[in-house]
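Participant: Turn this into a model:
(one chain, ligands or ions: 1)
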Amino acid sequence: MERILLLGGSGILGSEVLSHLQSENFEYVAPTSTDLDITNRDQLLRVVSEFKPAWIINCAAWTNVDGAESCFEEARELNAIAVESLGIAADLFECKVIHISTDYVFAGDSSEPYLETSRVQPLNKYGESKLQGESALLTVLPSAYVIRTSWLYGTSGKNFVKTIAGKALQSEESRVVDDQVGSPTSARDLAIGILSVIKKQPEPGIYNYSNRGSCSWFELAQKVYETVGADNGLVHPISSGSLSFIAKRPKYSLLSKEKWLSAGLSEVPNWEYSLQLIMPEIISELQ
Ligand SMILES: NC(=O)c1ccc[n+]([C@@H]2O[C@H](COP(=O)([O-])OP(=O)(O)OC[C@H]3O[C@@H](n4cnc5c(N)ncnc54)[C@H](OP(=O)(O)O)[C@@H]3O)[C@@H](O)[C@H]2O)c1
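Facilitator: Numbers count the residues shown, from 1 in each chain. Coordinates of the predicted model:
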């Protein structure tokens, strides 16, 4: 079994990857950000040289989209410069890398799902920092895998589905934007996808992965209310213009999974199916 270094193992996605590494008996280490701050290049090089992983899975990131507008240098430090360091360390110690990126590299002005080769044009600083990370990594380590995903949710960390489920359980009203369309993605499905890359080792490069199908944030919130048995009439649609988000968000962020599927990687379940599967765990976390 190949040795794996998992970064960001406490996050929405990382915690799902961690539980799959455990259940599939991989040999791994998953240092916390206190044990290994990946913005510290010397620390990163030391951990990689000592553990000698065959693979590094990077789920660590600056994910505060609005915060990145005023703290761009800090976001860039983690999402771009540390990712470049990771590539340098991996090149030096001959490891393979799977790095996670985002639909926010796109402007959201398409009317059909984005391909891996579609034009990138981030609307906000977070997207810009993530795009810089992708490019820096693939420049120093062309054998790396970059997986772009969207609208992640899971049982761990702060995420939209959990927040809305909390409100639904209290029968509180929610106001949710109905003019941004995307594909909610279960962190559990993506974790399985990441491990399928390790098992299959397709051509390196960029791959899209999100759940199948699409909805607006409003429709997703309605579905969450229905799943917890609350009245979905408590969810009210609003336009993104009426909210005072600091960062602009793409209106459309569907990702084509053709390349993923042709490479024979993991299944891409429908978003509603995956949501139903995980909701009981999210509900019990909240109760
Ligand atoms: N969330 C989404 O909707 C979404 C959508 C598209 C793409 N993505 C991408 O998916 C990936 C996973 O996102 P996520 O939502 O699971 O992230 P998350 O829940 O915000 O977790 C971020 C992780 O990064 C770690 N971290 C932060 N600073 C670090 C540092 N200096 N050194 C080492 N680790 C550090 C955190 O550790 P601590 O807990 O110790 O701080 C945490 O484990 C990211 O690349 C993100 O850009 C996310």
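Participant: Mind jotting down where the strands sit in the stretch 151-287 of the chain?
Facilitator: When assigned using DSSP state E, counting those that start in this stretch, the strands of the stretch 151-287 of the chain occupy the ranges 152-153, 174-177, 181-182, 185-186, 205-208, 215-216, 235-238.
Participant: For the residue nearest to residue 166 when sequence neighbours are not counted, which residues are in contact?
Facilitator: Of all residues beyond its chain neighbours, the one nearest residue 166 is residue 286 (5.3 Å), with distances taken as C-beta to C-beta, 6 or more residues apart in numbering. Every residue, glycine included, has its C-beta placed from N, CA and C. Contacts here follow C-beta atoms under 8 Å, 6 or more residues apart in numbering; on that basis residue 286 touches 162, 165-166, 169.
Participant: now do residue 133
Facilitator: 79-80, 82-84, 99, 101.
Participant: before we move on, the earlier item: residue 94 is nearest to which of the strands of the stretch 151-287 of the chain?
Facilitator: strand 205-208 (18.7 Å; C-beta to C-beta).
Participant: does the closest one come close to the ligand?
Facilitator: No. Looking at strand 205-208 against the ligand by C-beta under 6 Å from any ligand atom, there are no contacts, and the closest approach is 11.0 Å.
Participant: which helices and strands sit right next to that strand?
Facilitator: Packing contacts for strand 205-208, counted by 3 or more C-beta pairs under 8 Å, 6 or more residues apart in numbering; DSSP states H and E, involve helix 125-140, strand 145-149, helix 258-262.
Participant: contacts for stretch 254-265?
Facilitator: Outside of stretch 254-265, the residues that reach it under the criterion C-beta under 8 Å, 6+ apart are 103, 110, 112-116, 148-150, 181-183, 193, 196-197, 200, 202-203, 207-210, 212, 214, 268.
Participant: Report the buried members of these.
Facilitator: Among the contacts of stretch 254-265, the ones that count as buried by 16 or more other C-beta atoms under 10 Å are 103, 110, 113-114, 116, 148-150, 181-183, 193, 196-197, 207-210, 212, 214, 268.
Participant: Next, count neighbours for the closest residue to the ligand within the chain.
Facilitator: Proximity to the ligand, evaluated over the chain using C-beta to the nearest ligand atom, is greatest for residue 11 at 2.3 Å. Taking other C-beta atoms under 10 Å as the neighbour definition, residue 11 ends up with a count of 24.
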